[in-house]
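> Sequence plus predicted model, see below.
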Amino acid sequence: MRLILLSRAVAGAVAVAVLGWAAPAPIAAADQPPIVIGATISETGSYAVDAKYALEGYQLWIKEQNAKGGLLGRKIELKTYDDASDPATAVNLYERLIDQDHVDVIVGPYSSAITAAVANVAEKHKMPMISPEVSAAAPFKRGLRYLFMGIAQSTHYVEGVIALAKANGYKRIAVTGEDSAFPRSIAGALPDLAKAAGLDIVYSELYPHNASDYSAVTQKIKQANADALFSISYFPDAIGMLRALKSANVPLKLVYFAVGPSEPNFGKEAGKDADGVLATTNWSANLKTPNNGEFARDFAATYHSAPDYHAAANYSALEVLGAAIARVKSLDQEKLRDQFANTKMQTVMGSYEVDPATGLQLGYTSLTLQWQGGKQYIVAPPAMAERKPIAPFPAWSAH
Amino acid sequence: MTDRRIAASVAILALCAILPPLGSGYVQSVFYIAVLYIALAYGWNVIAGYGGYLSFGQVTFFGIGAYAVALGVTQLHLPWLLCAFAGGAIAAVLAVPLGYLMLRLRGPFFALGMLGLAQTTRIAAEAAPFTGGSAGIYLPPGSNTLPAYYWTLAVLALAMGMTLWVDRSTFGLRLRALRADERAAGTLGVDVTRFKVMAFVISAIVPGLLGGGYAWYLTYVDPASVFSTHIELQTVAMVILGGVGTYWGPFVGGALMSQVSQSLGARFPQGHLMIFGGLIVALLIALPRGIVPALTAALARRSARA
């Protein structure tokens, strides 16, 4: 009898302990379903390499935000599908996210092609979508109400470098670059930009993808007597061009290689020759934006590689989304849309601000980088610059 | 036998016409993708299945059809349906000289030649001054799923009809003769080149017509997404899985593959391609000639026993 009583008492105590233990935790999260954010990511197919960073940008923000207690007292969940880099598959999957999975909000996929197709789905369901991976203006000039650009417009890409050439009076411009889609689009826009700045293009010719010999191009640049070189190059061709320019001793006052020198390895590979070389990026770990250092550190710790601008762009899209939800205190799509259209806020990328009528990004801008003393520094735009640009480009013998 | 095929085809097409408007946008897009691929598979099956010329480049005509609509709508301000028809016509006209040229190659050389043709057209579309290059062409935005779907369904009906004709006509008989032994068919008086080119033209018209609907569905066209090896390989795999050179092969392979691939993608976002690839390999090892021939053989055995 006693034993039974004792055992009852023990059982009661255990029950109280268990319940007592369990009771305080779930106030916020467990009795409310999570806020589900839906997107497709090109995990396979032609965009897979860069899209991985895009996905990790989304994931990192959600992880951090959940650690801070989620949003509106609810946990946040990311629901993604692989669109296989195929726009028709992406349309199908966004319909699925909205119709079947009933996600609460959507964010943009990777690439212009996929976004252009998916934007119709967002529009039909009246769900606003920040697109962190489309820098072309064309998709935003179609009268869509629910699409917002979450990255710097591509027209800003060479702006800082053009301004530098103009300020220093480097009037004779040589244009080259790899003969593929992206370099061609930048090189194609240069004549108008140069003309507007009063600069003359004295040489313009692209070299083939995977070129191994740049001496012919460098000789022509030398013969054209150019002051400034705009070479829209990736990493290997930027290194190859730089070496060819040095061995031909081409007297240039400005050397710009677009993408290649934005990679941290460029300095290692090019050594002292990197000094003075200019590049463009959309985001840098050096940016003095709120939480940027924390973002770069957490990203590297979580994914064991440094973030690139894709990761930063997707992360900042969710910063804007999170701030909008917190402000309107609901998931009302129309209210969120108005927030995306009218909010001005600081994210890791810079100042988010869009044209309310088109959704075109006005706040974010491209950054001009320069290698100085073996390190990358932001040299333009002036408001974000860490150092003044070095001009003219040091003589080859001084490298 | 043939009458039953016609009745069954009409019934299936009628179901495909009635069901989608009753479903959600998601259901409609699932139907669109399935019908698109089944129709592409029927187009491919004529030259590759009946003609024996394995092609990895029919997507060339799909891309041409897509650009016909993109350029026709944005540059010439024509109605998209008209441009979609024009896409099929342009594909047919281009297929005649291309067919004469490419069909000189045989076996793997033809397959590779066609792959090269698709790549060349894609690069040409990137470089041409009027295509917008790799930035692509934006069509007026809008939710065009149902119009694009019914267009695609109509092309499927046409493709099934043409396949049935090929299957039953002396043209099809000659085509199969040259598939079995081209030289022997030639010595027996079959005008080999003419029939090959005719089959090639049929296999170009179908994707040519479908490309326009695809452009209207996506409201965006760029070289990478319409001259896509992804689309080409999916189509080829569907016919091989269903049964090359059979009437029902493209339907069974196309319906099965598009559904399985979509539901795998949704359930296993990470490993879906691996599972899918594994399934195809397993199915093809078990049924090397495809599903439809295996089923037909099994049915024949049963009725022989009975």
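Perfect, thanks for sending it. Numbers count the residues shown, from 1 in each chain, chains lettered A, B, ... in the order given.

> wait, what's in contact with the closest residue to A:Leu254 other than its chain neighbours?
Leaving aside its sequence neighbours, A:Leu254 sits nearest to A:Ala228 (Cβ to Cβ, 6 or more residues apart in numbering or on different chains; 3.7 Å). The C-beta positions use only the backbone N, C-alpha and C, and glycine is treated the same way. For A:Ala228, the contact set (Cβ atoms under 8 Å, 6 or more residues apart in numbering or on different chains) comprises A:165, A:170, A:172-174, A:199, A:252-256.

> From these, which land in helices?
Among the contacts of A:Ala228, the ones falling in helices (DSSP state H) are A:Ala165.

> what's the most distant pair in the contacts of A:Ala228?
Across those, the longest distance by Cβ to Cβ is 15.5 Å; it joins A:Leu199 and A:Val255.

> State the number of residues packed around the residue of the stretch 201-306 of chain B found nearest chain A.
As assessed by Cβ to the nearest Cβ, chain A sits closest to B:Tyr220 within the stretch 201-306 of chain B, at 3.5 Å. Residues near B:Tyr220, counting by other Cβ atoms under 10 Å in any protein chain shown, number 28.

> what do you get for the one 10 residues further on?
B:His230 has 18 neighbours, counted by other Cβ under 10 Å.

> Going by neighbour count, which residues of the helix or strand it falls within are buried?
Per DSSP states H and E, B:His230 falls inside helix B:229-242. Residues of helix B:229-242 classed as buried under the neighbour-count rule (16 or more other Cβ atoms under 10 Å in any protein chain shown) are B:229-232, B:234-242.

> Alongside chain A, which residues does the stretch 151-300 of chain B contribute?
Residues of the stretch 151-300 of chain B lying near chain A by Cβ under 8 Å from any Cβ of the partner chain: B:214, B:217-220, B:222, B:224-225, B:228, B:230-231, B:262, B:265-266, B:269-270, B:272-273.

> picking that back up, what values do phi and psi take at the residue nearest to A:Leu254?
phi -130, psi 140 (degrees, to the nearest 10).

> Tell me the bridge partners for it.
Taking DSSP bridges as the rule, A:Ala228 bridges to A:Ile173, A:Leu254.

> thinking again about what came up before, so A:Leu199 and A:Val255 - more neighbours on which side?
Taking other Cβ under 10 Å, A:Leu199 and A:Val255 do not tie; A:Val255 has more neighbours (26 against 22).

> what sits against that one?
The contact partners of A:Val255, by Cβ under 8 Å, 6+ apart, come to A:228-229, A:231, A:242, A:245, A:276-278, A:393.

> still on that earlier bit, and which of the contacts of A:Ala228 is nearest to A:Ser42?
Nearest to A:Ser42 out of the contacts of A:Ala228 is A:Tyr256 (Cβ to Cβ; 29.7 Å).

> Touching, that closest one and A:Leu278? I think so.
Yes. Counting by Cβ atoms under 8 Å, A:Tyr256 sits close enough to A:Leu278 to count as a contact (4.2 Å).

> which residues touch A:Tyr94?
A:38, A:40, A:106, A:109, A:118, A:121-122.

> Quick one: mean pLDDT for stretch B:228-241?
Here stretch B:228-241 scores 91 as its mean pLDDT.

> Over to A:Val202: give its phi and psi.
According to degrees, to the nearest 10, A:Val202 has phi -100, psi -10.

> just the one 10 residues further on next, same as before
Phi and psi for A:Ser212, reported as degrees, to the nearest 10, are phi -120, psi -20.

> do the same with A:Thr176
Dihedral angles (degrees, to the nearest 10) for A:Thr176: phi -150, psi -170.

> Read off the pLDDT value for it.
We have a pLDDT of 96 for A:Thr176.

> wait, what's in contact with A:Ala197?
Counted by Cβ under 8 Å, 6+ apart, A:Ala197 has contacts A:162-163, A:165-166.

> And the residues you listed, which is closest to chain B?
A:Ile162 (20.6 Å).

> check which helix or strand covers that closest one.
Here A:Ile162 is assigned to helix A:159-168, by DSSP H and E.

> for that helix, what is the average pLDDT?
Regarding helix A:159-168, the rounded mean pLDDT is 95.

> again, but for stretch B:75-91
What stretch B:75-91 shows for mean pLDDT is 97.

> next one: stretch A:120-133
Mean predicted lDDT for stretch A:120-133 stands at 96.

> Give me the buried positions along it.
Result for stretch A:120-133 [16+ other Cβ under 10 Å]: buried residues A:120-125, A:127-133.

> Now do residue 48, the pLDDT please.
No chain was given, so I picked chain A. You'll see A:Ala48 listed with a pLDDT of 79.

> switch to chain B, that's the one I care about
94.

> same check, this time on the one 10 residues further on
B:Gln58 is assigned a predicted lDDT (pLDDT) of 96.

> so who does it touch?
Contacts of B:Gln58 by Cβ under 8 Å, 6+ apart are B:40, B:43-44, B:47, B:114, B:203-204, B:207, B:232, B:235.

> The same query, at a cut-off of 7 Å, please.
B:Gln58 makes contacts with B:43-44, B:203-204, B:207, B:232, as judged by Cβ atoms under 7 Å, 6 or more residues apart in numbering or on different chains.

> Which two of those have the greatest separation?
B:Ala204 and B:Glu232 (13.3 Å).

> Kindly indicate whether B:Asn45 is helix, strand or coil.
Of the three states, B:Asn45 takes helix under DSSP: H, G, I helix; E, B strand; the rest coil.

> where do the strands sit along the chain?
Assuming you mean chain A. Ranges of strands within chain A are A:35-41, A:76-82, A:105-106, A:129-131, A:147-149, A:172-177, A:200-204, A:228-233, A:254-258, A:278-281, A:345-347, A:350-352, A:367-372, A:375-380, based on DSSP state E.

> Sorry, I should have been clearer: chain B.
B:137-138, B:220-221.

> which residues of the chain score low on pLDDT?
This is for chain A. A:1-30 (pLDDT under 70).

> Actually, chain B is the one I wanted.
Using pLDDT under 70, chain B drops low at B:1-2, B:306.

> if I read this right, B:Gly72 contacts B:Ala84, doesn't it?
No. Between B:Gly72 and B:Ala84 there is no contact under Cβ atoms under 7 Å: 8.5 Å.

> Looking at those two, which one has more neighbours?
A direct count of neighbours by other Cβ under 10 Å for B:Gly72 and B:Ala84 places B:Ala84 higher, at 29 against 21.

> I'd guessed the more buried one sits against B:Gly212; true?
Yes. Between B:Ala84 and B:Gly212 there is a contact under Cβ under 7 Å: 2.9 Å.

> Name the residues contacting each of those two.
Residues touching both B:Ala84 and B:Gly212 by Cβ under 7 Å, 6+ apart: B:65, B:69.

> can you map out the helices along the chain?
Just so you know, I chose chain A. Using DSSP H, helices in chain A cover A:2-22, A:48-67, A:87-99, A:112-124, A:159-168, A:181-196, A:215-223, A:235-247, A:265-270, A:292-303, A:309-328, A:333-342.

> wait, I meant chain B there
B:2-18, B:25-45, B:59-74, B:80-102, B:107-127, B:145-168, B:170-180, B:182-187, B:192-218, B:223-226, B:229-242, B:249-267, B:272-286, B:291-305.

> Turn those into JSON lines, columns for distance to A:Pro382.
Output for the helices of chain B, formatted as JSON lines (distance: least, Cβ to Cβ, whole Å):
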{"stretch": "helix B:2-18", "distance to A:Pro382": "61"}
{"stretch": "helix B:25-45", "distance to A:Pro382": "48"}
{"stretch": "helix B:59-74", "distance to A:Pro382": "40"}
{"stretch": "helix B:80-102", "distance to A:Pro382": "48"}
{"stretch": "helix B:107-127", "distance to A:Pro382": "37"}
{"stretch": "helix B:145-168", "distance to A:Pro382": "48"}
{"stretch": "helix B:170-180", "distance to A:Pro382": "71"}
{"stretch": "helix B:182-187", "distance to A:Pro382": "72"}
{"stretch": "helix B:192-218", "distance to A:Pro382": "41"}
{"stretch": "helix B:223-226", "distance to A:Pro382": "38"}
{"stretch": "helix B:229-242", "distance to A:Pro382": "45"}
{"stretch": "helix B:249-267", "distance to A:Pro382": "47"}
{"stretch": "helix B:272-286", "distance to A:Pro382": "47"}
{"stretch": "helix B:291-305", "distance to A:Pro382": "66"}
